[in-house]
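Asker: Here's a sequence, model it:
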Amino acid sequence: MVPEPSPDLGALQREFERTLLGGDRKFTRVQVSERAGISSERAERMWHALGFATVPDDEIAFTDDDVEALRLVATLEDDGFIEPEMESSLARKLGQTQSRLASWQSAMFLDFLGGSKLAADEAIEVAGLLLPAMERLQTYVWRRHLAAAAGRAVAGSDELARGVRAVGFADIVSYTRLTRRLTEAELGELIERFEGMAADVVALNGGRVIKSIGDEVLFVTDTAAQAAAVALALQDAVTADDDLPELRIGLAYGTILIRLGDVYGEVVNLAARLTTECKPGRVLADRELAAALDGHPAYRLHRLRRVSVRGYRHLVPYAVQRADGP
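Answerer: Numbering: from 1, shown residues only. Alright, predicted model coming up:
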């Protein structure tokens with residue numbers, strides 16, 4: 001019997017890449033900027049902002065889709081929809097967000113391939129079928145979030161229009177010790193469980209997860225009462241789940257800067273500092289959030305001793321509890 005020829009791995013790799021990129025690499029860095037109608041310096045600046053490494057001048061690295069993407073961003077700026085100084089910031093935020101999503105999706109796809117034992121050419125066929133479905137799903141989720149954000153902006157109060165929000169940090173207790181004790185697989189499962197639980201609880205109580213960074217979730221709500229509801233519900237969820245470690249949660253309330261999906265300002269810093277001062281299983285709030293909750297029938301606040309933390313020598317924390325709690 002004549003043995004079957006071994007597959008051309010290089011050809012398979014090129015075909016797989018072509019499937020993912022939506023076409024062949026055709027252009028150098030200079031050529032792609034010329035076809036997009038922008039300077040090579042501007043194209044390279046956007047390329048770096050998206051999170052990609054510098055490409056040598058003579059390397060054929062870009063596709064028709066790269067040309068179209070550069071042309072689209074340039075058109076948005078030229079038509080006044082994007083301020084020139086926001087161009088790189090927009091590209092950077094898109095790049096960071098999509099990079100994380102792509103890393104997770106590629107790991108998921110590789111796990112699928114490992115379990116299914118598909119041949120390389122079969123994997124390429126599966127990827128070609130999967131990509132359009134994932135693109136449609138991502139577009140759907142984006143549009144739903146865009147509609148929700150637009151609805152909040154239109155129906156919001158004067159305070160919301162000024163950027164007044166409640167900010168919360170939920171932090172896993174003894175995370176460093178956990179990383180030493182757990183295997184990579186166990187740690188990954190723990191983080192997935194924690195992030196999934198946090199996302200569900202935050203959404204159910206009217207908040208929005210801004211980002212999760214390993215052992216910590218940053219969330220925002222429109223009102224102080226929503227923030228208290230999220231924080232106490234998170235503690236309840238952890239208490240009910242023996243597989244999740246305890247949390248420390250800090251809350252603060254006031255004007256924040258909301259920029260490209262992230263949040264900045266003193267309120268964010270205060271929530272972070274309160275988290276570090278919080279005992280496991282507790283929720284601490286700053287003076288402004290406590291004042292906003294004053295008289296609320298569902299919550300009880302207890303003023304604690306002043307603490308000195310980095311940037312705040314006389315920070316007054318308030319313990320947040322349910323009014324019918326112990």
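Asker: Give me the distance between the particular helix or strand that has Thr139 in it and the centre of its chain.
Answerer: Secondary structure assignment for Thr139, by DSSP states H and E: helix 120-155. A distance of 15 Å separates the centroid of the chain from that of helix 120-155, by CA atoms, centre = their mean, to the nearest Å.
Asker: Could you do stretch 205-223 as well?
Answerer: 10 Å.
Asker: Would you check how far apart the residue lying closest to Phe16 once chain neighbours are set aside and Tyr299 are?
Answerer: Taking CB to CB, 6 or more residues apart in numbering, and ignoring the residues beside it in sequence, Phe16 has Ile124 as its nearest neighbour in space, at 5.1 Å. For the C-beta atoms, the positions are set from N, CA and C on the backbone; glycine is no exception. According to CB to CB, to the nearest Å, Ile124 and Tyr299 sit 56 Å apart.
Asker: In terms of neighbours, single out the busier of the two.
Answerer: Tyr299 (22 against 18; other CB atoms under 10 Å).
Asker: In contact with that one, which residues?
Answerer: Tyr299 sits next to Ala225, Ala228, Leu293, Val320, Gln321, Arg322, Ala323 when contact means CB atoms under 8 Å, 6 or more residues apart in numbering.
Asker: With respect to Ala198, which of those residues is nearest?
Answerer: Closest approach between the contacts of Tyr299 and Ala198, by CB to CB: Ala228, at 15.7 Å.
Asker: Give me the residues contacting the helix or strand harbouring the closest one.
Answerer: According to DSSP H and E, Ala228 maps onto helix 224-240. With CB under 8 Å, 6+ apart as the test, helix 224-240 has contacts from 166-168, 170, 197-198, 201-202, 204-207, 219, 221, 244-247, 249, 251, 253, 281-283, 285, 289, 292-293, 296, 298-299, 320-322.
Asker: give me the low-pLDDT residue ranges for the protein?
Answerer: Within the chain, the ranges that satisfy pLDDT under 70 run 1-13, 113-117, 120, 152-162, 325-326.
Asker: where do the strands sit along the chain?
Answerer: 164-172, 208-213, 216-221, 247-255, 257-259, 262-264, 283-285, 299-303, 307-309, 312-315, 318-322 (DSSP state E).
Asker: now, of those, which is deepest in the fold?
Answerer: Greatest average neighbour count among those goes to strand 283-285 (a mean of 29), per mean count of other CB atoms under 10 Å.
Asker: And the contacts of that one?
Answerer: Against strand 283-285 from outside (CB under 8 Å, 6+ apart): 224, 227-228, 231-232, 235, 249-253, 274-275, 277-278, 293, 301, 304, 317-321.
Asker: ok, now with 7 Å
Answerer: With CB atoms under 7 Å, 6 or more residues apart in numbering as the test, strand 283-285 has contacts from 231-232, 235, 249-251, 274, 277-278, 301, 317-320.
Asker: With just CA atoms, put stretch 14-32 into CSV.
Answerer: Taking C-alpha atoms only, stretch 14-32 is exported to CSV below (Å, rounded to 0.1, in the frame of the first residue of the first chain):
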residue,chain,number,x,y,z
ARG,A,14,-1.7,29.8,5.1
GLU,A,15,-5.2,28.5,4.4
PHE,A,16,-6.1,28.8,8.1
GLU,A,17,-4.8,32.3,8.3
ARG,A,18,-6.6,33.3,5.1
THR,A,19,-9.8,32.0,6.6
LEU,A,20,-9.3,34.1,9.8
LEU,A,21,-8.1,37.3,8.0
GLY,A,22,-10.8,37.1,5.3
GLY,A,23,-8.3,37.1,2.5
ASP,A,24,-4.6,36.9,1.4
ARG,A,25,-1.8,39.1,2.6
LYS,A,26,-1.2,41.4,-0.4
PHE,A,27,0.3,44.7,0.7
THR,A,28,3.3,46.2,2.5
ARG,A,29,2.9,48.8,5.2
VAL,A,30,3.4,51.7,2.7
GLN,A,31,1.0,50.1,0.2
VAL,A,32,-1.8,49.7,2.7
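Asker: Could you pull out the buried residues of that stretch?
Answerer: Neighbour counts using 16 or more other CB atoms under 10 Å place Glu15, Phe16, Thr19, Arg25, Phe27, Thr28, Arg29, Gln31, Val32 of stretch 14-32 among the buried residues.
Asker: same check, this time on stretch 273-285
Answerer: Buried residues in stretch 273-285 (16+ other CB under 10 Å): Arg273, Leu274, Thr275, Glu277, Cys278, Arg282, Val283, Leu284, Ala285.
Asker: Would you format those as TSV with distance to Ala61 included?
Answerer: Shown next, in TSV, are these (distance: CB to CB, whole Å):
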residue	distance to Ala61
Arg273	45
Leu274	47
Thr275	43
Glu277	50
Cys278	49
Arg282	52
Val283	50
Leu284	50
Ala285	51
